[in-house]
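Visitor: Pasting the sequence and the predicted model now:
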Amino acid sequence: MADLKVKIGALEFKNPVLTASGTFGYGPEFEDFLNIDSLGGIIVKGTTLEARQGNAYPRMAETPAGMLNAVGLQNKGVDAFINDIYPNIKHYNTHIIVNVSGSKLEDYVTVVEKLNDLEHIPAIELNISCPNVKQGGMAFGTSCASATEVTKAVRAAYHKTLIVKLSPNVTSISEIAKAVEDEGADSVSLINTVLGMAIDAESRRPILSTITGGLSGPCVKPIALRMVWQVSQAVKIPVIGLGGIMNFTDAVEFLLAGATAIQVGTANFIDPAISEKIVHQLDAYCDNHRIRAVKELIGGLIV
Amino acid sequence: MADLKVKIGALEFKNPVLTASGTFGYGPEFEDFLNIDSLGGIIVKGTTLEARQGNAYPRMAETPAGMLNAVGLQNKGVDAFINDIYPNIKHYNTHIIVNVSGSKLEDYVTVVEKLNDLEHIPAIELNISCPNVKQGGMAFGTSCASATEVTKAVRAAYHKTLIVKLSPNVTSISEIAKAVEDEGADSVSLINTVLGMAIDAESRRPILSTITGGLSGPCVKPIALRMVWQVSQAVKIPVIGLGGIMNFTDAVEFLLAGATAIQVGTANFIDPAISEKIVHQLDAYCDNHRIRAVKELIGGLIV
Amino acid sequence: MKKYINDLTVCSNRRLSDDYFILGLTSSNALPEMLPGQFAEIKVDNNPNVFLRRPISIHDVDYAKNVLYMLVKIVGQGTQTLSTLKVNETVNLVYPLGNTFNMDGVTNVILAGGGCGIAPMLYLARHLHQKHIKATILLGGRTMIDILEAKEFKKYGDVFISTDDGSMGEKGFITNNSIMKKLSSFQRLYCCGPLPMMKVFAAIAKQQQVDCEVSLENTMACGIGACLCCVAETDKGNKCVCTEGPVFNINQLKWQI
Amino acid sequence: MKKYINDLTVCSNRRLSDDYFILGLTSSNALPEMLPGQFAEIKVDNNPNVFLRRPISIHDVDYAKNVLYMLVKIVGQGTQTLSTLKVNETVNLVYPLGNTFNMDGVTNVILAGGGCGIAPMLYLARHLHQKHIKATILLGGRTMIDILEAKEFKKYGDVFISTDDGSMGEKGFITNNSIMKKLSSFQRLYCCGPLPMMKVFAAIAKQQQVDCEVSLENTMACGIGACLCCVAETDKGNKCVCTEGPVFNINQLKWQI
Ligand SMILES: Cc1cc2nc3c(=O)[nH]c(=O)nc-3n(C[C@H](O)[C@H](O)[C@H](O)COP(=O)(O)OP(=O)(O)OC[C@H]3O[C@@H](n4cnc5c(N)ncnc54)[C@H](O)[C@@H]3O)c2cc1C
Ligand SMILES: Cc1cc2nc3c(=O)[nH]c(=O)nc-3n(C[C@H](O)[C@H](O)[C@H](O)COP(=O)(O)OP(=O)(O)OC[C@H]3O[C@@H](n4cnc5c(N)ncnc54)[C@H](O)[C@@H]3O)c2cc1C
Ligand SMILES: Cc1cc2nc3c(=O)[nH]c(=O)nc-3n(C[C@H](O)[C@H](O)[C@H](O)COP(=O)(O)O)c2cc1C
Ligand SMILES: Cc1cc2nc3c(=O)[nH]c(=O)nc-3n(C[C@H](O)[C@H](O)[C@H](O)COP(=O)(O)O)c2cc1C
Ligand code: FES
Ligand code: FES
């Protein structure tokens, strides 16, 4: 049994395996398949100020070793989260993190103010990288100026651990990471989905109602790994790595590249029990490699 | 038999199927597998002013539905191309296009001046997007200012068809495309490889000698398709689309997204006869869909 | 209902025609209870072009023999690869998923299935039979080879058939079958098949004020309500077809009919 | 030499041990001429984790029976999937690729193969035998089950064996086998195996001024000189192992030995 604990800012996680926003519902969806409490944490679906219907169907396209989605932040809004969902999940003995999305700066701020009060929500993940909404979303995360602006405002309003989730659709993700670090983010998580597109050659139509959507799954892993490597060298705050993690070897690769924790996303759709398996296999990997604490793997790439 | 002809600037291609630089050698490597003259054109290996040894081995890593390469523009230099290679390939009855790479502005200019004189080279592809060289390369293609500068200089020095090959590792590829269009490029081709990384979890080392490398193959297709769609709406010059094209359906998708021609890259490694097959299958597709000229497919996405 | 993720063993793979096959799957453990209308998300192994699981309905369950049957139409790479499964190979299922048909408050109903839309109907017919609800079955297809399992259906009720080319049963669209003239004599119409067909049935049912349930086949990623990819527009907003469907009453759906 | 892209049919798949197997491949057409040291790029179907072809040496060719043999060690997903190929299944090859061993100007040579490094050696031994060149064969491995095809090799020359654990032949590294004391009596050493082993052989050969050829196994994408991924550093710069190798004289290589 290796020591699997890791820390993001002041927050300690029992292990570095979290589940990615939008791919794990709120937790209950997976209770038949695994023990939620075995995970380091779960990051719930992107939550906005008002309820959102999301985009029109079809919202999904399968691609080589991956998928595109265009869900568009369908959720019932932060008040419904607090009143209807939170009471049913706050008993989980793992960190529940809310992924906060928005299309206006003020919305982000209002949402995080409301979340401040929730005892069992020790952190938020600020989503400035959703490619599937017309306004805001990714726009906040693709320039240093706007990333700075939104992080500053949210930092002032939110008192617990602040993770900012970055978009890979940029020329220099390190610069954006540094900008949000400067504004007091406790951590950055990356990557959100890569903007992509799928076409049906027979019908000559786009497959998604929105034409473009967000690419995820193993196909993006090499890109995500590179960005985690770049960002972890550019910033001092801990980096949370994700993008195409399907098994424990992938998880180890992200830790070696510099991630302090990892998130499992699309893999939950292929094997709903995978995130717990990764926890156990990570433990076994450490034992096999005579690593006493998983922390030793972080940034441990031999170059 | 559909009419497969397409035009890039003043240059007519017998069909829209070209082979991508760095994946088809100079042509002779594939003579045992297909009839080179059946292709719309071939784009030869990235050519620099001086000979280059490229990066250290290992230069390749397999990834989910793709590969990373870190060849680093190994080539014998433009003079060796002109003296030793060109004489052996100039008889091809298809367009031979030289992919011109460099680390300094002046180098690009010197190379294209030399290529001006080659009768059987009707066009060059200016590579401002190679992620595998320390100096220059992609740096030219990731800001509008530098893309403008190099395109302007090369346009002034080169008198035939000028295609500029764009990097996908940018926040807005459309802006870069517009910048090079403004400087007189006859066409843009996209995408070059996406910067990625691979790690061996057992040895805890990067797989490539250069740590990061360029991702290609089906995994990048959704990204490439999206960028072709974006760029073809942003510019008036023809777009050449590539990135993960493995078969004729993929080729059709790129045409529908707005590409006037396409390039086959990594697929040549999996099936060295694939590019000719795509020509024939494209023809059959047009017949099946009662399309008389392949031109009708260009940008024909029904949205 | 508790969901499982299990490796099941192929005990039969019967080809019905070029396009259709029925997989029989068994397990060393007792199969869990499954309801008509529910489905499984099947993992397709050994095909580089298939990444996500594929949703396939529960076609029938023989609890005595501990066998689950799925009727599948080959439409692409996933179903093609499933068609090559051999006896004793295993296949991974997440199941049972989704809701079920409403069988309450009726004594006399009609079931309509077009093409592989008959897949969930056999198990429904079996359940109705057990509940002593009189079932009439309407099957349709382009041509006679699309009419599947008619013999099985006869065990549970009268069977009416339409083919576009008249090679079996009445000639014409399933929605024009003569039994549809008597639609108002039934208390509920259950249907499954191509979307345009279901919309025609729904329009007729609505007009004749017959209660109507349809089983939707939206494309899915997770199958368990986590990804929100499979939504249908309902009177209560976007609902997940995988958890709040696949069966919907047409009154819930925002169909233009 | 002309290269082909062909579907060949599996006519045998013989397991030698947990890790090794020999594929026999045939064709309705006559197999093309292949030289020792050459290899094929094999397409691995039905495995989502394998994208590129896999290079495998020509282990032997029986032109009378029109069968090509490949000896493969299971090290990852690609070779694992190849190991499951069944008789009558087909597999796509691009072949024959690469150069060959230099068999000129010698009458008495020694061949050394470690683990799956023996793969190209059998076909080489057969060719030397046909050319009436005396061949001595040195095989090595961790333990006796790594010593493959010793019986076959005996047809072509004396066989010496080393295993790390002494379970067969001499105990110790292959590079310390007693026959190596007589290395200078041979005109050329051919070797193939793990890189560290080849480097030791190369160092000894260089020191004793015995001509030495090694067969490299750099990772490859295309196998036909198009991608420039497989390079080895030589006195004439980076050379493609797939076209200018896999066989190199150690004098060409920039090895620190
Ligand atoms: C709840 C549910 C139950 C189902 N039950 C059955 C069943 O019992 N038997 C059965 O044969 N099929 C059933 N389906 C449909 C089945 O899931 C698809 O046919 C299958 O996923 C196609 O996979 P593929 O890889 O073969 O084809 P793909 O390559 O994925 O697709 C081939 C073609 O079919 C289209 N297509 C694929 N899936 C759908 C879809 N869901 N709706 C509309 N078009 C689609 C694609 O756009 C493409 O043009 C069901 C679907 C759902 C959602
Ligand atoms: C010219 C040539 C001839 C060859 N002939 C034979 C042969 O006759 N029989 C045989 O069994 N093998 C041979 N090989 C090696 C064989 O190609 C690899 O073992 C195979 O590609 C591994 O594929 P995989 O998917 O099973 O393993 P992968 O999953 O690709 O790799 C598994 C592990 O092996 C390592 N590995 C893979 N390929 C190589 C390599 N080329 N060099 C060093 N490490 C590697 C990987 O880094 C990884 O750690 C030859 C290679 C070359 C270049
Ligand atoms: C269906 C789907 C919905 C998603 N919704 C959200 C979301 O609401 N908020 C967010 O920050 N990321 C969202 N993501 C992105 C994932 O959290 C993750 O960043 C991305 O999928 C890459 O990781 P993966 O390859 O492991 O899936 C979503 C991804 C998918 C596939
Ligand atoms: C091994 C390799 C070498 C390459 N060399 C070059 C090059 O010299 N110049 C260039 O512009 N692009 C080069 N590329 C990029 C390809 O031309 C192409 O843009 C990219 O691979 C995406 O297309 P694909 O997915 O079809 O391969 C190379 C790609 C590979 C895989
Ligand atoms: S398929 Fe994921 S929510 Fe329905
Ligand atoms: S493997 Fe492509 S050049 Fe050798």
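Guide: Yep, that arrived. Ligands and ions are numbered 1, 2, ... in the order given.

Visitor: now check the helix or strand encompassing residue C:95, is it near chain A?
Guide: Secondary structure here is read from DSSP states H and E; on that basis residue C:95 sits in strand C:90-97. Yes. Counting by Cβ under 8 Å from any Cβ of the partner chain, contacts between strand C:90-97 and chain A involve residue C:94. Heads up, the C-betas are built off the backbone N, CA and C, glycines and all.

Visitor: Which elements pack onto the following helix or strand past that strand?
Guide: Scanning forward in sequence from strand C:90-97 by DSSP H and E, the next helix or strand is strand C:108-114. Applying 3 or more Cβ pairs under 8 Å, 6 or more residues apart in numbering or on different chains; DSSP states H and E, one finds that strand C:108-114 contacts helix C:119-130, strand C:134-141, strand C:188-192.

Visitor: hmm, 6 Å instead?
Guide: Judged by 3 or more Cβ pairs under 6 Å, 6 or more residues apart in numbering or on different chains; DSSP states H and E, strand C:108-114 is in contact with strand C:134-141, strand C:188-192.

Visitor: possible to save the ones you listed as CSV with distance to residue B:47 and mean neighbour count?
Guide: Listed next are these as CSV, based on distance: least, Cβ to Cβ, whole Å; neighbours: other Cβ atoms under 10 Å in any protein chain shown:
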stretch, distance to residue B:47, mean neighbour count
strand C:134-141, 60, 25
strand C:188-192, 60, 26
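
Visitor: who wins for proximity to residue B:215 among those strands?
Guide: Set against residue B:215 and scored by Cβ to Cβ, the helices and strands packed on strand C:108-114 come closest in strand C:188-192, at 42.2 Å.

Visitor: Would you mind checking the average pLDDT for the closest one?
Guide: For strand C:188-192, mean pLDDT rounds to 96.

Visitor: Report the strands that pair with it, each with its relative direction.
Guide: For strand C:188-192, the pairing partners within the sheet under DSSP bridges are strand C:108-114 (parallel), strand C:211-215 (parallel).

Visitor: What's the first helix or strand after that strand?
Guide: With elements assigned by DSSP H and E, the helix or strand that comes after strand C:188-192 is helix C:195-207.

Visitor: Quickly note the distance from the closest residue to ligand 3 within the stretch 151-257 of chain C to ligand 4.
Guide: For the stretch 151-257 of chain C, the nearest residue to ligand 3 under the criterion Cβ to the nearest ligand atom is residue C:227, separated by 4.0 Å. Taking Cβ to the nearest ligand atom, to the nearest Å as the measure, residue C:227 falls 27 Å from ligand 4.

Visitor: buried stuff in stretch C:162-177?
Guide: Along stretch C:162-177, the positions that meet the burial threshold by neighbour count (16 or more other Cβ atoms under 10 Å in any protein chain shown) are C:162, C:163, C:168, C:169, C:170, C:174, C:175, C:177.

Visitor: which SSE is residue A:302 in?
Guide: Here residue A:302 is covered by no helix or strand, with elements defined by DSSP H and E.

Visitor: tell me the centre residue of the chain?
Guide: Picked chain A for this. With distances taken as Cα atoms, centre = their mean, chain A has residue A:20 as the residue nearest its mean C-alpha position (4.4 Å).

Visitor: wait, I meant chain C there
Guide: The centre of chain C sits closest to residue C:120, judged by Cα atoms, centre = their mean, with a distance of 2.7 Å.

Visitor: Bridge partners for the nearest residue to that one once chain neighbours are set aside, pull those for me.
Guide: If you skip the residues right next to it in sequence, residue C:120 has residue C:57 as its closest partner in space, 4.2 Å away by Cβ to Cβ, 6 or more residues apart in numbering or on different chains. Here residue C:57 sits in beta bridges with residue C:39, going by DSSP bridges.

Visitor: what does the helix or strand residue A:285 falls within contact?
Guide: Secondary-structure assignment from DSSP H and E places residue A:285 in helix A:274-288. Contact with helix A:274-288 is made by A:2, A:15, A:17, A:19, A:34, A:38-39, A:248, A:251-252, A:264, A:267, A:294, as judged by Cβ atoms under 6 Å, 6 or more residues apart in numbering or on different chains.

Visitor: buried stuff in it?
Guide: Taking 16+ other Cβ under 10 Å as the neighbour-count basis, helix A:274-288 is seen to contain the buried residues A:274, A:275, A:276, A:277, A:278, A:279, A:281, A:282, A:283, A:285, A:286.

Visitor: How about stretch A:111-123?
Guide: When neighbours are counted by 16+ other Cβ under 10 Å, the buried residues of stretch A:111-123 are found to be A:111, A:112, A:114, A:115, A:118, A:121, A:122, A:123.

Visitor: Next step: those residues restricted to strands.
Guide: Judged by DSSP state E, the subset of those located in strands is residue A:123.

Visitor: Between which two of the buried residues of stretch A:111-123 is the distance greatest?
Guide: When the buried residues of stretch A:111-123 are compared pair by pair using Cβ to Cβ, the two farthest from each other are A:111 and A:122, 16.2 Å apart.

Visitor: Find the helix or strand that the residue of chain A positioned farthest from its centre is a member of.
Guide: For chain A, the C-alpha lying farthest from the average C-alpha position belongs to residue A:202; by Cα atoms, centre = their mean, that distance is 34.9 Å. In this structure, residue A:202 sits in neither a helix nor a strand according to DSSP H and E.

Visitor: separation between it and residue C:75?
Guide: Counting by Cβ to Cβ, to the nearest Å, the gap from residue A:202 to residue C:75 is 12 Å.

Visitor: Tell me the secondary structure of the residue in the stretch 151-300 of chain A positioned nearest to chain C, please.
Guide: Sorted by distance to chain C under Cβ to the nearest Cβ, the residues of the stretch 151-300 of chain A start with residue A:269, at 4.2 Å. Classification of residue A:269 using DSSP: H, G, I helix; E, B strand; the rest coil returns helix.

Visitor: related to what we said a few turns ago, report the two of the buried residues of stretch C:162-177 separated the most.
Guide: Pairwise distances among the buried residues of stretch C:162-177 were taken by Cβ to Cβ; the largest, 16.6 Å, belongs to C:168 and C:175.

Visitor: tell me the phi and psi of the residue of the stretch 151-257 of chain C found nearest chain B?
Guide: In the stretch 151-257 of chain C, the residue that lies nearest chain B is residue C:221 (15.0 Å; Cβ to the nearest Cβ). Comment: the main-chain dihedrals of residue C:221 come out as phi -100, psi -60, following degrees, to the nearest 10.
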